[in-house]
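In: Show me how the following folds:
(one chain, ligands or ions: 1)
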Amino acid sequence: MPANPMTLPRVTYSNIAEDFAAVHDHLDVLIPQFKAGLPADLRPNRIAARNDADGSVYKAVSPIDRDIVLGTFVEASPGSLDRAVKAAQAACPGWNALGWQARVEHLERVAREFERRKYEIGVACLLEVGKSRMEAVGEVEETLDLIRYYCAEMTANNGYARDMKRAFPQERTHVVLRPHGVFGVISPFNFPLALSVAMITGALVAGNCVVYKPSPMAGLTGHLLIECFEAAGIPAGVVNLVCGGATVGEALVNHPAINGIAFTGSHAVGMRIFRSMAARPFALPVIAEMGGKNPTYVTQSAEIATAAAGVMRSAFGLQGQKCSSGSKVYVHNAVYDDFMQALVKLTRAIQIGNPEGRAIFMGPVINREAAERFDKAADSVRQQGRFEIGGRRLSGGLFDKGYYVEPSIAVGLPDDHCLHKEEQFLPLLAVKQFSDFESALADGNSVLYGLTAGIYTRDERELRLFLDRAEAGVLYANRASGATTGAWPGIQTFCGWKGSGVSHKGGLGPWYVPQFMREQSHTIME
Ligand code: UN1
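Out: A predicted model of the protein is given here:
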């Protein structure tokens, strides 16, 4: 008798030592079932809970194997986008008038619907992004916790309303955070569930309505998410789905009736959005998380096995396609040989292949463009340094049907090499040796980004220096499950400093939801 999926152990990114055999058994049954049921017919956009097929049609295939067709989607036409914004605008007064308690109840129903379908949606994510089983199921659990955490924050803060002091006995003042109106939500392919739902939930629970544009590589999960919102009875128009690429995204950002944008993606696109929103007659909120070049420091006092495990998992988990990926490691001279030996051993043991399989840790990179970026970066490593391991694309069999690359560790690169300075979003790790920890920290800070950073040390002074000086919003010490990855709602917060964010408040944390609101003070003479 198959296990009840609701009683299976929860996968997070960090409980790696648990026994997930029962989860795997369930997925063994579910994956072929889901693939067999993938609809070949068109998935139109959803505007005010109705189909809208206006626009050009495109077919999406799995990065695992181009023969797996995920579905046929519609790149929203300008008219369709306009209808979506207007539908959201029309739904705003009613959604806001419900009050925050009713909105929380609605979103808790969404969470229950999502929970009911979580493994199916996790499988969709695995097929659509090429995530390993554990990354995909971890992401559905993270998504669930995100909805519940933001609802709990709304409740704990009494809807962000409070009474203020009285200047006179007959004068009372009340302060309240109120929604802006219509938020455009633009999300990336790499965490199509968690990042979409985080931004949508933040906007909705605060009382805004949403026009949601998933990544063009993530229309399937985008549709499944919207199904959950609709099945949970979210009123029509409160959340609308428009698929498409940069053209649709730009039209959304530039639509005159938009009141704010929540975006997760590249620094270049995030800053373009930020600047175009600032060019409006008055400033509108942009909540953006924009990638990272996340360093890890392995000091002389590090526990080597833990450090190697954490660095390997953060560099190569999800094929290095996380904004939290650890793509640069600074290793003290005295432990360099031991650390590299341990890291290369773990890297060599990584199983790459079809992530439908139980033991696969790395699947494909997302598309041809990513594979070509890999080739270009690898060529430049071979010219200016060398690979300790990896550096090649894989070919033969399934590898010819998707874009599979080796987990790769580069050494001996010049300081200004792109692997030291720029986000690659690929399984490429650059290693640097150091003798002076303070200089290494300064070097690790000398990048555009400031998202996550990690350290392995048993020295209190080094730990203190790291916590005081690392210029990033998410810091980890001595973690085997991930040197720089694996933040969880309500546990870590996820705040991009410098080029990694614009609002300086983090996702997953207590100051996220208020960013979707504006303050109003009510003073009334009695
Ligand atoms: C991302 O890295 O793109 O902390 C989003 C983590 C996950 C994912 C964050 N919560 O690794």
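In: Quick one: name the residues of the stretch 401-526 of the chain near the ligand.
Out: With CB under 6 Å from any ligand atom as the criterion, the stretch 401-526 of the chain meets the ligand at residues 485-487. C-beta coordinates here come from the backbone N, C-alpha and C atoms, glycine included.
In: do the same with the stretch 51-200 of the chain
Out: Contact residues (CB under 6 Å from any ligand atom) of the stretch 51-200 of the chain with the ligand: 142, 190-191.
In: Start and end of stretch 467-476, how far apart?
Out: Stretch 467-476 has its terminal residues 9 Å apart, counting by CA to CA, to the nearest Å.
In: and residue 73, that's in a strand?
Out: Yes - judged by DSSP: H, G, I helix; E, B strand; the rest coil, residue 73 forms part of a strand.
In: The stretch 251-400 of the chain: helices as residue ranges?
Out: Assigned by DSSP state H, counting those that start in this stretch, the stretch 251-400 of the chain shows helices spanning 267-278, 304-316, 336-348, 368-384.
In: what about the last one, distance to the chain center?
Out: Relative to its parent chain, helix 368-384 has a centroid offset of 24 Å by CA atoms, centre = their mean, to the nearest Å.
In: what's around the closest residue to residue 73 other than its chain neighbours, how many residues?
Out: Excluding its sequence neighbours, the residue lying closest to residue 73 (CB to CB, 6 or more residues apart in numbering) is residue 219, at 4.1 Å. Residue 219 has 26 neighbours, counted by other CB atoms under 10 Å.
In: Please read off the pLDDT at residue 2 from the model.
Out: Listed pLDDT for residue 2 reads 55.
In: In CSV, list the helices of the stretch 251-400 of the chain along with mean neighbour count.
Out: Conversion of the helices of the stretch 251-400 of the chain to CSV gives the following (neighbours: other CB atoms under 10 Å):
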stretch, mean neighbour count
helix 267-278, 17
helix 304-316, 25
helix 336-348, 17
helix 368-384, 16
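In: now those helices as TSV including mean pLDDT and distance to residue 129?
Out: Formatted as TSV, these follow (pLDDT from 0 to 100; distance: least, CB to CB, whole Å):
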stretch	mean pLDDT	distance to residue 129
helix 267-278	96	19
helix 304-316	98	15
helix 336-348	98	22
helix 368-384	98	12
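In: where do the strands sit along the stretch 1-150 of the chain?
Out: Using DSSP state E, counting those that start in this stretch, the strands of the stretch 1-150 of the chain run over residues 42-43, 45-47, 50-52, 55-61, 69-76.
In: Domain ranges for the protein, per the record?
Out: 42-290+505-525, 295-488 (automatic domain parsing).
In: among the ones you listed, which is nearest residue 5?
Out: Nearest to residue 5, of all these, is domain 42-290+505-525, at 5.4 Å by CB to CB.
In: Contact partners for the closest residue to residue 88 other than its chain neighbours?
Out: With CB to CB, 6+ apart as the criterion, residue 88 has its nearest non-adjacent residue at 3.9 Å, and that residue is residue 209. Counting by CB atoms under 8 Å, 6 or more residues apart in numbering, residue 209 touches 88-89, 91-92, 95, 181-183, 203, 237-240.
In: go with 10 Å
Out: By CB atoms under 10 Å, 6 or more residues apart in numbering, residue 209 lies in contact with 85, 87-96, 179, 181-183, 203, 234-235, 237-240, 259.
In: try residue 344
Out: By CB under 10 Å, 6+ apart, the neighbours of residue 344 are 308, 312, 388-390, 409.
In: Let's see that with 6 Å instead.
Out: Residue 344 makes contact with 388-389 under the criterion CB atoms under 6 Å, 6 or more residues apart in numbering.
In: now do residue 485
Out: Neighbours of residue 485 in contact, by CB under 6 Å, 6+ apart: 314, 322, 324.
In: Check what pLDDT it gets.
Out: pLDDT, residue 485: 98.
In: circling back: any chance of TSV for the helices of the stretch 251-400 of the chain, columns distance to the ligand?
Out: TSV is the format used below for those (distance: least, CB to the nearest ligand atom, whole Å):
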stretch	distance to the ligand
helix 267-278	13
helix 304-316	8
helix 336-348	19
helix 368-384	14
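In: mind putting these in CSV, distance to residue 26 included?
Out: Shown next, in CSV, are those (distance: least, CB to CB, whole Å):
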stretch, distance to residue 26
helix 267-278, 37
helix 304-316, 24
helix 336-348, 28
helix 368-384, 30
